[in-house]
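Colleague: Got a predicted structure plus its sequence, pasted below:
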Amino acid sequence: MPINYCTILIAQDTNECQWGDLMLTSRQKLILKAIVEYYVDHAVPVGSKILTEMPYLNYSSATIRYDMARLEELDFLEKTHTSSGRIPSEKGYRYYVNNLVTRDSLVLDDFPLVDEILNKHTFSRSLAVEEAINLLSNLTNYAAVAVGPSLSEIKINKIDFIPTGDREAVVLIVTNKGHVNHQNIIVPKNVDIIEVKEIIQTLDDLLKNRHLDEAISILKNEMAKTELGMFVDYQKQIIDSFVHAFAKFTEDNFYLSGMTKAFNQPEFSDVVNVKNFINMLNKKDILKLIGNNDSLTITFGSDIELNLKDNFSVISIPYRVSEDEKGTIAVFGPTRMEYSKVIPLLEYIASNLGKLYRK
């Protein structure tokens, strides 16, 4: 769900914030925020004694216990079986990220690390994105992913054949967005290299200005195979190599880092959770999770139509490449995530990745 802020309704006597049909006092909001952030840091249930020791909660134990009980009645908190303390419920986390979370100012110290990566790789966007995602994973200790701009609008600009020897050549595929893929090929002894060059020229004529998905469809079509068949017997291998090359553009558009970092969290000590998490980290499911939103979005377990539902959340944010193109970066981890740290990091990286693509 996108980050937004509830409407603050200042009642004459109660100073309450309305969220749906629920009313929380300012004190209850402070207590909920304190519980979420303490639980995020320590992963242990929070009792009233811990809260009374916090300088900004200058209330009696009885008052805090009353408000904790009230928050539990409203399903913002849950009581565990092993402790008298409480932990945030998913509903509590939702309220926290929508209304109470603040950006951790200490994250500013990490911003120069992002700048260094992006400045170092001005001419290699893919390497810059890959290293930025690795840094994001290392700084947060969660799995991180980047999905580059959609390739649906990318067209083939040119396919070129460059001989490098008597029986060797390089085939270059260039898109209208500046993507380049090269393939080294070896020409069989029974085939004239001039014939291969003519095949590549035919492919250039056939696929120029076609979208990548359209080009793949054309190559798989029997008509294309028949058209190329007049040249050589191994046209299938040539077609397959180009299908692979076009698919590679898509693969290079997807970056995943820190897959095993989540296993350091107590929520993933259960073997079933680990297996479900690993199974989920494939491109198809990740794309389903991060969606196609236009703003910072936090997805919780009950929003996910996958096996892994409990104790899991995703924070994602788009980065704008042009008016019509955008990519997405995201962090995957337990619901007990450091939102105050992850959110500003995602915002900063997304902002600067967009600038990188516009250079």
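Modeller: Here it is on my side, so go on.
Colleague: quick one: the closest residue in space to Leu281 that isn't next to it in sequence from Val46, how far?
Modeller: Closest residue in space to Leu281, ignoring its immediate chain neighbours: Met259 at 5.5 Å, by CB to CB, 6 or more residues apart in numbering. The C-beta positions use only the backbone N, C-alpha and C, and glycine is treated the same way. For Met259, the distance to Val46 equals 30 Å [CB to CB, to the nearest Å].
Colleague: do Ile238 as well
Modeller: Applying CB to CB to Ile238 and Val46 gives a distance of 64 Å.
Colleague: How about Leu127?
Modeller: Distance, Leu127 to Val46, by CB to CB: 43 Å.
Colleague: neighbour-wise, which of the two wins?
Modeller: Val46 (22 against 12; other CB atoms under 10 Å).
Colleague: from what I can see the more buried one touches Ile35, true?
Modeller: Yes. Here Val46 lies in contact with Ile35, judged by CB atoms under 8 Å, at a distance of 4.7 Å.
Colleague: Report the set of residues contacting both of these two.
Modeller: Jointly contacting Val46 and Ile35 under the rule CB atoms under 8 Å, 6 or more residues apart in numbering are 86-87.
Colleague: On the strand side of things, show who the residue nearest to Arg210 when sequence neighbours are not counted bridges to.
Modeller: Excluding its sequence neighbours, the residue lying closest to Arg210 (CB to CB, 6+ apart) is Ile156, at 5.6 Å. Ile156 has these beta-bridge partners by DSSP bridges: Thr175.
Colleague: Quick check, pLDDT for Lys197.
Modeller: In this model, Lys197 is scored at 85, pLDDT.
Colleague: Same question for Leu207.
Modeller: 88.
Colleague: hang on, it packs against Lys158?
Modeller: No. Counting by CB under 8 Å, Leu207 stays clear of Lys158, with 9.7 Å between them.
Colleague: can you list the weak-confidence ranges in the stretch 101-250 of the chain?
Modeller: Low-confidence segments of the stretch 101-250 of the chain (pLDDT under 70): 121-124, 149-153, 177-178, 222-235, 247-250.
Colleague: Now do the helices in it.
Modeller: Using DSSP state H, counting those that start in this stretch, the helices of the stretch 101-250 of the chain run over 111-120, 125-140, 193-207, 212-220, 222-229, 235-251.
Colleague: Determine which stretch of those is the most buried.
Modeller: Comparing the helices of the stretch 101-250 of the chain by mean neighbour count (mean count of other CB atoms under 10 Å), helix 125-140 ranks first with a mean of 20.
Colleague: What's the local residue count around the residue nearest to Leu281?
Modeller: Using other CB under 10 Å, Met259 has 15 other residues around it.
Colleague: Give me the secondary structure label for it.
Modeller: coil (DSSP: H, G, I helix; E, B strand; the rest coil).
Colleague: Give me the pLDDT for it.
Modeller: So Met259 comes in at 81 (pLDDT).
Colleague: same check, this time on Lys359
Modeller: We have a pLDDT of 59 for Lys359.
Colleague: for Tyr319, phi and psi?
Modeller: The phi/psi pair for Tyr319 (degrees, to the nearest 10) reads phi -120, psi 130.
Colleague: Quick one: residues contacting it.
Modeller: Tyr319 sits next to 326-329, 349-351, 353-354, 357 when contact means CB under 8 Å, 6+ apart.
Colleague: Now, those that are in helices?
Modeller: Judged by DSSP state H, helices contain the following of the contacts of Tyr319: 349-351, 353-354, 357.
Colleague: What is the neighbour count of the residue nearest to Arg210?
Modeller: A total of 24 residues lie near Ile156 under the criterion other CB under 10 Å.
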